[in-house]
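Novice: Got a predicted model here, sequence first, then my questions.
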Amino acid sequence: MKSIYLKLFTLACILAQVLADECNQELKVNSQQDLDSIRQCRLFTGTITVDQTDASSLKFNGVETLDGSVILTGNNALTQLSFPQLVSVSNQIKLENNRALVSVDFPMLQSVRSFEIIVHPALQALSFPAELSHIDTFTVTDTTITRVDGLKAAQIRDFTVTNNIYLKSVTASNMTAINGMLMIADNSPGFSLDLSSVQSVRSIVFRTVGTLNLSQLSKINGDVALIANSFDEFALSKLQSIDGTLTISNNKRLSKLSFPELTRLGGTLSITDNPELNTIDAFAKLQEVIGTLDVTGDFAELRLPDLNDVRGGLNVQTSSNKFSCQDMEKLRNGVIKGNSYTCKAAVINPKSGISRGNGGGLGTSAASMTLIHPRWSDLFVVLGTVSALFILVF
């Protein structure tokens with residue numbers, strides 16, 4: 001009898017070891033059968049890779065916690081994807097270039113370090129019914145999704161939503177801090193963004209945004225770029241400081257701008273080519289600009305009543321014949337520290353003072369670089385160096 005028990009115990013140990021090996025591996029998936037081989041693993045440790053398979057439908061049954069990553073790339077036949085029990089992923093979920101994928105299902109997902117969906121021209125929706133509450137990086141780029149539901153994270157590092165031509169809105173009203181990049185660009189015309197609880201952000205890029213809510217934002221630790229948006233008004237009523245450059249360019253409908261509590265700008269102030277912005281009185285309390293003051297357009301008034309320190313130069317040019325340079329002249333005596341000073345009214349073609357390669361300056365302005373550069377990730381390289389370069393130039 002003892003020998004039978006010993007044999008059973010030995011068999012159990014062998015089975016346990018086999019199970020442990022199956023639940024701890026680098027798994028290369030070619031079919032549903034490969035995924036079914038780990039369906040008994042509530043905890044799976046390793047990376048699951050699905051690359052250039054012929055599978056049309058895949059279901060990740062059984063796995064609740066993934067200590068690792070799941071990466072699906074280049075599966076041209078894949079139309080349906082499901083993770084029915086998956087709750088937590090310690091590293092990455094990455095879906096890239098699965099061009100036939102119509103639906104992806106994450107009914108239980110609550111936590112993942114990095115979530116990326118890139119180049120999915122057939123994908124229609126993205127939803128997290130169990131509420132995605134813990135995430136470090138969120139990226140949705142080049143898809144046809146029409147909505148994103150269930151984002152409930154209080155903090156995040158990078159938040160990127162770009163080139164989703166049918167996506168009309170994103171709401172993340174639980175979010176209070178974005179510790180890295182906030183990049184919203186080239187989604188559906190009139191795109192609406194609700195980040196109404198966010199209090200701090202490192203860097204911001206908004207392009208082709210229609211409406212937004214950042215009513216609680218009080219601190220920006222890096223650069224801000226507002227480029228080619230369709231909103232009529234832009235206001236950050238609680239914002240007190242920006243540690244980097246502020247670029248406001250090519251917003252064709254922008255007629256009202258308001259930063260009533262902003263006192264310090266750690267880089268350059270660049271406001272260019274906003275044709276409906278006739279009066280610039282947004283900076284009632286602004287005292288310090290560490291970079292250059294560069295304002296061009298068709299404005300009749302520019303008011304900076306508290307400004308007492310500009311470390312770089314000044315360039316103010318407008319096509320309006322109603323503008324007077326009298327107030328700008330007052331800044332020459334002790335306020336403008338840089339050697340460059342230009343103030344002109346009734347100019348046919350107002351030009352940015354940011355050098356475009358004419359002997360020792362920047363090769364390209366922050367605004368124009370933003371508009372023409374095909375890689376949004378490079379925008380921050382440009383904006384992040386503008387302030388320091390202007391101090392050197394001027």
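Specialist: Thanks, I have it. Because the structure is a prediction, the values reported are computed rather than measured. Numbering: from 1, shown residues only.

Novice: How about stretch 289-307, which residues are buried there?
Specialist: 289-299, 302, 304, 307 (16 or more other Cβ atoms under 10 Å). Where C-beta positions appear, they are placed from N, C-alpha and C, glycine not excepted.

Novice: oh sorry, the question was meant for stretch 316-335
Specialist: Burial within stretch 316-335, assessed by neighbour count using 16+ other Cβ under 10 Å, is assigned to 316-319, 323, 327-328, 331, 335.

Novice: Now do the end-to-end distance for it.
Specialist: Stretch 316-335 has an end-to-end distance of 15 Å (Cα to Cα, to the nearest Å).

Novice: And for stretch 34-50?
Specialist: Using Cα to Cα, the end-to-end distance of stretch 34-50 comes to 10 Å.

Novice: Check stretch 246-255 too.
Specialist: From its first residue to its last, stretch 246-255 covers 17 Å (Cα to Cα).

Novice: With stretch 80-95 instead?
Specialist: One end of stretch 80-95 to the other measures 12 Å (Cα to Cα).

Novice: Now do that stretch: everything it contacts.
Specialist: By Cβ atoms under 8 Å, 6 or more residues apart in numbering, the residues outside stretch 80-95 that reach it are 42, 56-73, 98, 101-118, 120, 130.

Novice: list the buried ones in that stretch?
Specialist: By 16+ other Cβ under 10 Å, the buried positions in stretch 80-95 come out as 81-83, 85-89, 91-95.

Novice: In strands, which of those fall?
Specialist: Taking DSSP state E as the definition of strands, the buried residues of stretch 80-95 contribute 81-82, 88-89, 91-95.

Novice: Mind picking the two most distant members of the residues you listed?
Specialist: Maximum pairwise distance among these (Cβ to Cβ): 20.1 Å, between Ser82 and Asn91.

Novice: who does Asp67 bridge with?
Specialist: Residues in a beta bridge with Asp67, per DSSP bridges, are Thr45.

Novice: circling back: would CSV of the buried residues of stretch 316-335 with distance to Asp158 be doable?
Specialist: Shown next, in CSV, are those (distance: Cβ to Cβ, whole Å):
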residue, distance to Asp158
Val316, 35
Gln317, 36
Thr318, 37
Ser319, 39
Phe323, 40
Asp327, 40
Met328, 39
Leu331, 37
Val335, 37
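
Novice: Restricted to strands, list these.
Specialist: Using DSSP E, these in strands are 316-318.

Novice: So which of the residues you listed is the closest to Asp142?
Specialist: Gln317 (37.6 Å).

Novice: From what I see, that closest one and Lys351 are in contact.
Specialist: Yes. With contact defined as Cβ atoms under 8 Å, Gln317 counts as touching Lys351 (6.2 Å).

Novice: Identify the contacts common to the two.
Specialist: By Cβ under 8 Å, 6+ apart, the residues touching both Gln317 and Lys351 are Thr296.

Novice: picking up where we left off before, what's the closest of the buried residues of stretch 289-307 to Leu254?
Specialist: Nearest to Leu254 out of these is Gly297 (Cβ to Cβ; 10.1 Å).

Novice: got the phi/psi numbers for that closest one?
Specialist: phi 160, psi -140 (degrees, to the nearest 10).

Novice: Need the residues that contact stretch 328-337.
Specialist: Residues outside stretch 328-337 that contact it (Cβ under 8 Å, 6+ apart): 293, 302, 304, 307-314, 316, 341, 343, 394.

Novice: Can you flag which of these belong to strands?
Specialist: 293, 302, 309-310, 314, 316, 341, 343.

Novice: any weak-confidence spans in the chain?
Specialist: 1-20, 354-394 (pLDDT under 70).

Novice: Kindly recompute the last result at 90.
Specialist: Within the chain, the stretches with pLDDT under 90 are 1-21, 333, 353-394.

Novice: Work out which residue lies at the spatial centre of it.
Specialist: Met183 (2.1 Å; Cα atoms, centre = their mean).

Novice: quick check, it in a strand?
Specialist: Yes. Read with DSSP: H, G, I helix; E, B strand; the rest coil, Met183 is one of the residues of a strand.

Novice: Val170 touches Thr160, doesn't it?
Specialist: No. Val170 is beyond contact range of Thr160, at 11.0 Å (criterion: Cβ under 8 Å).

Novice: how about the helices in the stretch 201-350 of the chain?
Specialist: Along the stretch 201-350 of the chain, the segments classed as helices by DSSP state H, counting those that start in this stretch run 326-330.

Novice: and the nearest residue to Thr171 once chain neighbours are set aside, how many neighbours?
Specialist: Using Cβ to Cβ, 6 or more residues apart in numbering and skipping the chain neighbours, the partner closest in space to Thr171 is Asp194 (4.3 Å). The tally of other residues near Asp194 (other Cβ atoms under 10 Å) stands at 17.

Novice: My understanding was that Asp194 contacts Leu214; is that so?
Specialist: No. In terms of Cβ under 8 Å, Asp194 does not count as a neighbour of Leu214; the distance is 9.1 Å.

Novice: rewinding a little: can you put the buried residues of stretch 289-307 in CSV and add distance to Ile242?
Specialist: Listed next are the buried residues of stretch 289-307 as CSV, based on distance: Cβ to Cβ, whole Å:
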residue, distance to Ile242
Val289, 10
Ile290, 10
Gly291, 11
Thr292, 14
Leu293, 14
Asp294, 15
Val295, 16
Thr296, 20
Gly297, 20
Asp298, 25
Phe299, 21
Leu302, 19
Leu304, 15
Leu307, 15
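
Novice: Kind regards, and thank you for your time.
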